[in-house]
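J.: need a structure here:
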Amino acid sequence: MYRGQSGQWSWLFHRVTGLGVLLFLLVHIVDITLIGFGRTVYNDSIAVFASWPVRLLSLALIGAVMYHAFNGVRIILIDFWPAAYKYQRAMFYIVLALTIISFIPMAYFVGAPIFGICPQGDCTASAML
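T.: Numbers count the residues shown, from 1 in each chain. Coordinates of the predicted model:
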């Protein structure tokens, strides 16, 4: 039994981030199908993505995708390298570190418009989408 150790947390985070990615894909499919209702409906729905709550959700999605990907590599290593289970805790912390390090630049580009900063240099509404 893991009893709250790194293996259990890794397992839980992998499942939760997988569900988050699945939820995003469902929202994305609905979002794309709105183009069938006309340009105005589609443009209005896309404009929602520039709002700060959706930007925060986008940041959560980016973090979830990064963790899920790095942890997937960790799982592959454990599956194909029999001695890897000895390094499970270290690999879990490496996954967390890689997720945080790779998340920081993405957080800047996605989150900066919330504070009025335009990393791309164009502060028009279309550029912030």
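
J.: By average pLDDT, which secondary structure element in the chain comes out worst?
T.: Across the helices and strands of the chain, mean pLDDT, DSSP states H and E gives its lowest value to helix 39-47, namely a mean of 89.

J.: For the residue nearest to the spatial centre of the chain, which non-adjacent residue is closest in space?
T.: Centroid check for the chain by CA atoms, centre = their mean gives Ile62 as the closest residue, at 2.1 Å. Nearest-residue entry for Ile62: Met106, 4.9 Å, with adjacent residues in sequence omitted and distances by CB to CB, 6 or more residues apart in numbering. C-betas here are computed from N, CA, C, even on glycine.

J.: Show me what secondary structure element comes after the least confident helix or strand of the chain.
T.: Counting by DSSP states H and E, the next helix or strand C-terminal to helix 39-47 is helix 52-80.

J.: where does the helix or strand containing Phe109 sit relative to the chain's centre, distance-wise?
T.: Per DSSP H and E: Phe109 is located in helix 88-111. Put simply, helix 88-111 sits 11 Å off its chain's centre (CA atoms, centre = their mean, to the nearest Å).

J.: do the same with stretch 75-83
T.: 24 Å.

J.: Which residues does it contact?
T.: His14, Ala84, Tyr85, Gln88, Met91 (CB atoms under 8 Å, 6 or more residues apart in numbering).

J.: Pull out the buried residues from those.
T.: Listed as buried from these are His14, Ala84, Gln88, Met91; burial here means 16 or more other CB atoms under 10 Å.

J.: Now render these as JSON lines, adding pLDDT.
T.: Formatted as JSON lines, the buried ones among the contacts of stretch 75-83 follow (pLDDT from 0 to 100):
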{"residue": "His14", "pLDDT": "94"}
{"residue": "Ala84", "pLDDT": "87"}
{"residue": "Gln88", "pLDDT": "88"}
{"residue": "Met91", "pLDDT": "93"}
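
J.: That's all I had, so thanks and see you.
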